[in-house]
Structure formats: structure tokens, C-alpha cells
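> here is a sequence together with a model predicted from it:
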Amino acid sequence: MRSRSNSGVKLDNYARIVHQTILRHQDPVTGLLPASGDQPDAWVRDNVYSILSVWALSLAYRKNADRDEDKAKAYELEQSVVKLMRGVLQCIMRQLDKVEKFKYTKSTMDCLHAKYNTRTCATVVGDDQWGHLQVDATSLFLLFLAQMTASGLHIVYTQDEVDVVQNLMFYIEAAYKVADYGMWERGDKTNQGIPELNASSIGMAKAALEALDELNLFGAGGGPGSVVHALADDIQHCQSILNSMLPRASMSKEVDAGVLSIISYPAFAVEDISIVNITKEKIISKLQGRYGCCRFLRDGHKTPKEDPNRLYYESAELKLFENIECEWPLFWTYLILDGVFTNSPEQVQEYRDALEGILIKQKDGICLLPELYSVPPDRVDEEYVIPHSVERVPLGKLPLKWGQSLYVLGSLLAEGFLAPGEIDPLNRRFSTIPKPDVVVQVSILAENEEIQELLMKNGIEVETVADIHPIHVQPARVLSHIYARLGRNQRLGLTGRPYRRIGCLGTSKFYVIRNTIFAFTPQVDTVQYHFPSLCRAKLHTEHSLTRLLIFPGVVRQAK
């Protein structure tokens, strides 16, 4: 019998870690993962992150296979990934009425739920009993649906499911103007159930839209009907708002470690490298401690001063949490991955060494990554006086599957079992590479010969619409109607994209529809000029919110 190579032995060890900490908890029917023994529900975000290590391990086995058993193991791991992703898709498909409503209302009562029953894919709490509106969670699922499909996995099976994904893209396309509860499910920093615009949600939505645009969900075997589409104008709106917000995470949070997920792996949503660097430096300088990073300043979650029996905080309670915020090792796994993708071996080694000092080693040799480290209740006063001076204790989930998965993923990349491009087949990691300057070209056409002659008299030579055959020119409203038909599915009760104006980017390219080339004229509002009034209203609102947050006084809940 051929002996096992050293790389094969190491891979088997990672497979043991992944099985013990993640796969053995996967539901055999739905494929979903419970948060923990105490929290049996399946969170969308946690499930997607948790399965990344399984996906990475399958790629590593397929790449480094010593024997046929390794190829079989790779296939089994791949199917576990597909099963989970399809489980999440099933949860969403049971709530398509909400997808349909939210496209029009953008209401927190009409959104997809953030967590589901692990065994049945059913909802577990009411619409008003949780901060369900988390655009980043839905976007994260769509982003990895795209990445995994591009890597060769078959997750979407039918045209009905293609229509669902297309409608989910319409669900997230307006993320740049949707206030949600964010990654931490609490809304703004005051934790009073007030949603706000979050950079992490906008960035993840932008990444998902870019990743899915023009992607064939059936893979190489699909046709035009299984290709999904995003509008360039929505992506550009997300980018503009994101660049204007960062390094700030939201109106109430001056810095948030969750933003690491959009300035680096997995979203790579920011194209300006200076904004990326400033944001990362601010997170490290403001939030990093001895055991990881705080989520954000004055975060009371699981601190000794938090009342676990109350869902929300009192208005003046945040001051109690200053300097005793819990530290999350999770964010060091993001910084390891960031070091891999930025080709910074020093950063990778720094955070791998830091993690080794705080992982909890079991009797079987498996190292677990705890959810967070908290200040002991009897030493809070010491920590108030000298921050980062007290030895902290691990609390919460052990392991936090989300963090455990990213830890394994980072290890596989750092040790050379995988190359960055293998878990980023859509090449999002190149987002900050300088691109050629955009050259704006404007084409002027005469609607008929009479107008052509009139322009000729003024020295302007143009062609008529008829002259450019076989290209057909139509007004932008026709394109709006075409997009409104995308994803329409009567059996599922999906109406496609709400009829809305198409922006200038959407009309700035050619479309091939049923073997016919179309161009569309820009949509110009000839009725009224309302931009200045909209700007004034927006500035007035933001100024009022800023005064509310930075000046002393009682914070009132938005009505």
C-alpha cells in the first residue's frame, strides 16, 4: 500500500476538525447548521460562512488527491456544500411572498427572515420579534452562490429557482437606500430597534450584484434563460454611497469590524485602495485588543453590564459599556484572509500566531475558536481604569462555527493547499487594481430625415435611426419594461423587477435580445427639475440625525 504523503496527512487533520466542529451538526434532511446546542435555529449568514471551510476543503482534496479515496472525499464534501446552499434556498422559497412585497415596500415587516428552523426550513419568530432585515445576509448567500457556481458546483436546478435568484437580485438592488439592522441584528448603536443605512450591507449587496451579473446559474450546460442580470446603475449607486460612508460604518457607528468583510474577503466591494487602507487602519487602531477586535465601540453584547433579560437598551446605557466591550477572535480570521489576498505573509503570520494563543485546545487535540472574550464581572472596575489590562474569559458559542470555518479556510490558504484564485473564481480580489480611464462616447442620431437635414444645415453630420440597421433604437421606457419581465414567474407569484426608470449606465450599452441588437436612448425627465429639492431634503434629514446622535440629550426612537 502506498504511504500517505505529508500534505495528505495534514488535509486529513483539517478534515477531522471540519467534521467534528461543523459537518457533524449538519441536518441530514435540510442540510442546515444550527448555531449551537443552546441555539438550534439556523442563521443565514452563519450558515454560509460555516460551509466555506467545507467548500475549501473539497477544493484542496481535489487538487492534492493522493488516491481515489481523496477524490471521493472531495465529492462528498462538495455535496455537503450544495445541500446547505440548497437548504438556505428552500428557506427563502418558503417566503417568496415577502420577496415580492419587499421589492415595493422596503418595509422591515415585509423582509426575509434572518433565521429559520434547522429541521423544517420554517420561520421561528414573528416579523416584529427580531431584526430580520439584514441585506448583507441575503447578499452573502447570493455572492457565494455565484462563486460556488463559477467553481463548478451545481446549486440551482430548475428555471423556477433561476427566477427566484433573479428576484433576490431585485430584492437587494436598492441596498444603497435601505436602512436595515446590519450584521449584528441590532440596528443603530443605541440598540433600540432602529434600522439604519449600513456600509456592510451596501458593500455586500454591491459584491453580490457584480458577481451574479451575466452569470449562468446552470453552469456550462445552461442557455440564455438561466443567465441572471443586474443593472449597472444600481451597482454604481451602491459604490457611490459606500465610498461616501467609509471609513464610517453607519450614522451611529464611527467604526465597525464587520466592515472587514467588504473591504477585503469575501466581498472586495471597495475599488479605491486608499479607502480600503484607511478603513482597515481605523478598525485595527480603534477596535483591536489582546483577544481579537470589538465589533464596535460601546458594544454591550455579553458584557457584565448588559442585562440579558432585555432586548433593547435604555437611552443613556451605552456609557456603561465603554472600555469593556467583548473582543471577538473572529476578526483576526478576516485579517489572516486579508493578508493572504494582499500578499502580506507578515500579516498572515502575525494573526495566526495571535490566534494560536487564544484558541481552546480539546483533549482530542482539536483547537476551537470561541465566540468572544469578556471581562470577568469582578474585574470590570480594573478594566474601566486601564483598558486591555485584565485577563478575559471565553464566553458564548464554542466554537463559533462562522469563525471556526474562516480559521480553517485561512489555514488552508496560508499553508499552500489552496491558491486565492481557487476560492475566488470570479476574481473579485482584483477590485482595487487601477483600471483604464473611462472614455465617454456620445452618439447622436436623427429620428428622421427631416431632422437629419436640419442638423446638416448647422454643420452636424448624423445618421438616422434607419441608417444604422440592424441595430434597433428604442426609448429607455422599453428597457424598463424588458427588465420588468425578468424573473417573472406566475406559479411562484413573482412579478419580476418593479417598473422603474433606467439610469444612464443602463442605456449606455448594446443589448442582444433574441438575436437582435438593441440600443436605448437615455431617459430624461422633461416634466420637472427636482434634484435640488431632493438634495435639500436629504441634507436636512442627515443634519437632524447627526445632531440627534452627537449632542447630549434623550435619543428618541424613530416613528
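Yep, that arrived.
> list the buried ones in stretch 337-356?
337-342, 348, 351-352, 354-355 (16 or more other C-beta atoms under 10 Å). Heads up, the C-betas are built off the backbone N, CA and C, glycines and all.
> helices - which of the residues you listed land there?
Those of these mapping onto helices are 337-341, 348, 351-352, 354-355, per DSSP state H.
> in three-state terms, label the residue nearest the centre of the chain for me.
Centroid check for the chain by C-alpha atoms, centre = their mean gives residue 204 as the closest residue, at 3.1 Å. Using DSSP: H, G, I helix; E, B strand; the rest coil, the structure places residue 204 in helix.
> just checking, it touches residue 270?
No: with contact defined as C-beta atoms under 8 Å, residue 204 does not count as touching residue 270 (11.6 Å).
> ok so, going back, quick check, nearest of the ones in helices among the buried residues of stretch 337-356 to residue 486?
Each of those was scored against residue 486 by C-beta to C-beta, and residue 341 proved nearest at 32.8 Å.
> I figured that closest one hits residue 418, correct?
No: assessed by C-beta under 8 Å, residue 341 is found out of contact with residue 418, at 11.9 Å.
> for residue 183, which non-adjacent residue is closest in space?
Nearest residue to residue 183 in three dimensions, chain neighbours excluded: residue 258, at 4.2 Å (C-beta to C-beta, 6 or more residues apart in numbering).
> neighbours of the one you found, just the number please.
The local packing of residue 258 (other C-beta atoms under 10 Å) involves 26 other residues.
> with residue 297 instead?
17.
> list the contacts for it?
Residue 297 is in contact with 189, 253-255, 286-287, 322, 325, counting by C-beta atoms under 8 Å, 6 or more residues apart in numbering.
> from those residues, which land in strands?
Nothing among the contacts of residue 297 maps onto strands, per DSSP state E.
> of those, which belong to helices?
Those of those lying in helices (DSSP H): 286-287.
> want to throw the contacts of residue 297 into TSV with neighbour count and pLDDT?
Below are these laid out as TSV (neighbours: other C-beta atoms under 10 Å; pLDDT from 0 to 100):
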residue	neighbour count	pLDDT
189	25	94
253	23	96
254	14	97
255	21	98
286	16	97
287	22	98
322	14	95
325	25	97
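> for the contacts of residue 297, give me CSV that also has distance to residue 59.
Putting the contacts of residue 297 into CSV (distance: C-beta to C-beta, whole Å) gives the following:
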residue, distance to residue 59
189, 39
253, 35
254, 38
255, 34
286, 35
287, 32
322, 43
325, 36
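> which one of the contacts of residue 297 is nearest to residue 58?
Distance ranking of those against residue 58, using C-beta to C-beta, places residue 287 first at 33.3 Å.
> so that closest one sits against residue 257, correct?
Yes: using C-beta under 8 Å as the test, residue 287 is close enough to residue 257 to be in contact (5.2 Å).
> which neighbours do these two share?
In contact with both residue 287 and residue 257: 293-296, 331, using C-beta under 8 Å, 6+ apart.
> ok, those residues vs residue 157, which is closest?
residue 331 (36.0 Å).
> helix, strand or coil for the residue nearest to residue 183?
helix.
> for it, which residues are in contact?
Contacts for residue 258 (C-beta under 8 Å, 6+ apart) come out as 182-184, 200, 249, 295-296.
> now with 7 Å?
Counting by C-beta atoms under 7 Å, 6 or more residues apart in numbering, residue 258 touches 183, 200, 295.
> next one: residue 439
Residue 439 makes contact with no residue, according to C-beta under 7 Å, 6+ apart.
> ok, back up a step: just to check, the residue nearest to the centre of the chain is in contact with residue 141?
No: the pair residue 204 / residue 141 is not scored as a contact, 9.8 Å apart, by C-beta atoms under 7 Å.
> flag every buried residue along the single longest helix found in the chain.
Secondary structure of the chain per DSSP H: the longest helix is helix 68-93. Neighbour-count burial for helix 68-93 flags 70, 73-74, 77-78, 80-92 (criterion: 16+ other C-beta under 10 Å).
> thinking again about what came up before, strands - which of the contacts of residue 258 land there?
Among the contacts of residue 258, no member lies in strands (by DSSP E).
> name the nearest of those residues relative to residue 129.
Comparing the contacts of residue 258 against residue 129 with C-beta to C-beta places residue 183 closest, at 19.1 Å.
> can you report how many residues neighbour that closest one?
23.
> distance check, it against residue 237.
21 Å (C-beta to C-beta, to the nearest Å).
> which residues touch the residue nearest to residue 210 when sequence neighbours are not counted?
Of all residues beyond its chain neighbours, the one nearest residue 210 is residue 235 (5.9 Å), with distances taken as C-beta to C-beta, 6+ apart. Taking C-beta under 7 Å, 6+ apart, we find residue 235 in contact with 206, 209-210.
> can you name every helix or strand that the helix or strand following the longest helix of the chain contacts?
Note on helix 68-93: by DSSP states H and E, the next helix or strand toward the C-terminus is helix 96-105. Applying 3 or more C-beta pairs under 7 Å, 6 or more residues apart in numbering; DSSP states H and E, one finds that helix 96-105 contacts helix 159-172.
> and the pLDDT at residue 68?
Looking at residue 68, its pLDDT is 79.
> check the one 10 residues further on too.
According to the model's per-residue confidence, residue 78 sits at a pLDDT of 98.
> what strand or helix carries the closest residue to it other than its chain neighbours?
Once flanking residues are discounted, residue 78 sits nearest to residue 58: 4.6 Å by C-beta to C-beta, 6+ apart. Here residue 58 sits within helix 44-63, counting by DSSP H and E.
> what about the longest strand in the chain?
Longest strand of the chain, by residue count under DSSP E: strand 516-520.
> roughly how far does the closest residue to residue 44 other than its chain neighbours sit from residue 131?
Spatial nearest neighbour of residue 44, chain neighbours left out: residue 137 (4.5 Å); criterion: C-beta to C-beta, 6+ apart. According to C-beta to C-beta, residue 137 stands 11 Å off from residue 131.
> quick one, which of these two is more surrounded?
Per other C-beta under 10 Å, whichever of residue 137 and residue 131 has more neighbours is residue 137, with 28 against 20.
> which SSE is that one in?
Using DSSP H and E, residue 137 sits in helix 135-150.
> what's next to that helix, contact-wise?
44-45, 48, 55, 81, 85, 88, 112, 114, 155, 165, 168-169, 171-172, 175, 178, 180, 183, 200-201, 204-205, 207-208, 211-212, 215, 217, 219, 266-267, 424-426.
> mind doing that once more with 6 Å?
Helix 135-150 has contacts (C-beta atoms under 6 Å, 6 or more residues apart in numbering) with 44-45, 48, 88, 155, 168, 172, 175, 178, 180, 183, 200-201, 204-205, 207-208, 211-212, 215, 425-426.
> next one: that helix to chain centre, how far?
How far helix 135-150 lies from its chain's middle: 7 Å, per C-alpha atoms, centre = their mean, to the nearest Å.
> how about stretch 425-445?
In terms of C-alpha atoms, centre = their mean, the centre of stretch 425-445 is found 22 Å from the chain centre.
> ok, stretch 441-451 next?
43 Å.
> how long is that stretch from one end to the other?
21 Å (C-alpha to C-alpha, to the nearest Å).
> where does pLDDT dip in the stretch 101-250 of the chain?
Filtered on pLDDT under 70, the stretch 101-250 of the chain yields no residues whatsoever.
> so where do the strands sit in the stretch 201-350 of the chain?
Shown for the stretch 201-350 of the chain, no strands are assigned by DSSP state E, counting those that start in this stretch.
> would you map the helices across it?
232-245, 260-263, 273-287, 330-341, 345-356 (DSSP state H, counting those that start in this stretch).
> go through those helices and name the closest to residue 305.
So among the helices of the stretch 201-350 of the chain, helix 273-287 is nearest, using C-beta to C-beta, at 18.5 Å.
> dump the residue contacts of residue 355.
Neighbouring residues of residue 355 by C-beta under 6 Å, 6+ apart: residue 332.
> hmm, try it at 8 Å
329, 332-333, 336, 369, 407.
> repeat that for residue 211.
Contacts of residue 211 by C-beta under 8 Å, 6+ apart are 142-143, 146-147, 426, 428.
> need the three-state assignment for residue 127.
Following three-state DSSP, residue 127 is assigned to coil.
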